[in-house]
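Asks: Output the structure for:
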Amino acid sequence: MDEDECDRMYKVILVGDSGVGKTSLLMRLCKNEFKSSMTATLGVDSHTKTLTVEGQPVTIQIWDTAGQERFRSIARSYFRRADGVLLLYDCTYENSFLNVREWMSAVEDGAGRDLPTMLCGNKLDMRETSAKYGKRCVSTEQGKKLANETKCRFLETSAKLGTNIDECIHDLAKMLLKAEDDEKQQLAFQLTGEAPPNVNNGHCCHGSKSTS
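Replies: Have a look, this model is predicted:
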């Protein structure tokens, strides 16, 4: 096995409505920083995160896209080059949750295929207080139900407190590894007509089983 196969790199598109906390989540993930006031992303920005998944180095290049309608055509041009999706909604703002399916459709249309997707209900730390003030919030059960229906992974996150930030990118990385390994196995089967050896048997590059 070639040495470079042990260093995986994937491109992930970060999408969701404007104001759901995409940039804040990215800053917490990549720099462990949080600012209460963030300037809205204009167009597309990118950051890189390197992590270890089951002993294997994985590099994730994350494209932070603008959520405003006028920038969505710019974001869509990046979908076809993406390997995975980090899709955020604000669990204290129901409309951002209702728009999740629209974002999923936009990504699928742009990419031309299904992509491994992590669905995150962000601003978890604010939900209880927001609900007390009468805001229509999104429950954990609603998020889980949508994730099950759309075959996504799901976590609730707080960029402010750092809740589940590392976990969401780690789980997405595991999905990306598995998707790549499955694609390699399928290609090998198409070329040879025989199932390839199990990539999990002692090699440095291996995927992990996906669980919902």
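Asks: C-alpha from now on. contacts and neighbour counts both.
Replies: Fine.
Asks: could you show me where the helices are in the chain, in order?
Replies: For the chain, applying DSSP state H gives helices covering 22-31, 72-79, 94-98, 100-111, 127-132, 140-150, 165-192.
Asks: Out of those helices, indicate the one that is most buried.
Replies: For those, the stretch with the most neighbours on average is helix 22-31, a mean of 21; neighbours defined as mean count of other Cα atoms under 10 Å.
Asks: Please state the offset of that helix from the chain centre?
Replies: 13 Å (Cα atoms, centre = their mean, to the nearest Å).
Asks: report the angle between the axes of it and helix 165-192?
Replies: Angle, helix 22-31 to helix 165-192, by axes from the mean of the first three to the mean of the last three Cα atoms, to 10 degrees: 90 degrees.
Asks: Tell me where the model's unsure across the chain.
Replies: 1-6, 37-44, 66-75, 193-212 (pLDDT under 70).
Asks: residue nearest the centroid of it?
Replies: Closest residue to the average C-alpha location of the chain: Leu86 at 2.1 Å, with Cα atoms, centre = their mean.
Asks: didn't it look like it was pressed against Cys120?
Replies: Yes - look at Leu86 against Cys120 with Cα atoms under 8 Å: they come within range, at 7.4 Å.
Asks: what's the burial count for the closest residue to His170 other than its chain neighbours?
Replies: Once flanking residues are discounted, His170 sits nearest to Val53: 7.0 Å by Cα to Cα, 6 or more residues apart in numbering. Applying other Cα atoms under 10 Å, we find 16 residues neighbouring Val53.
Asks: Val53: what's it in contact with?
Replies: 170, 173-174 (Cα atoms under 8 Å, 6 or more residues apart in numbering).
Asks: quick one: which of the helices of the chain is nearest Asp7?
Replies: Nearest to Asp7 among the helices of the chain is helix 165-192 (10.9 Å), distances taken as Cα to Cα.
Asks: Show me what that closest one is packed against.
Replies: Counting contacts by 3 or more Cα pairs under 8 Å, 6 or more residues apart in numbering; DSSP states H and E, helix 165-192 packs against helix 22-31, strand 44-53, strand 84-90, strand 117-122, strand 153-156.
Asks: how far away is Leu115 from Thr50?
Replies: Relative to Thr50, Leu115 is positioned 20 Å away (Cα to Cα, to the nearest Å).
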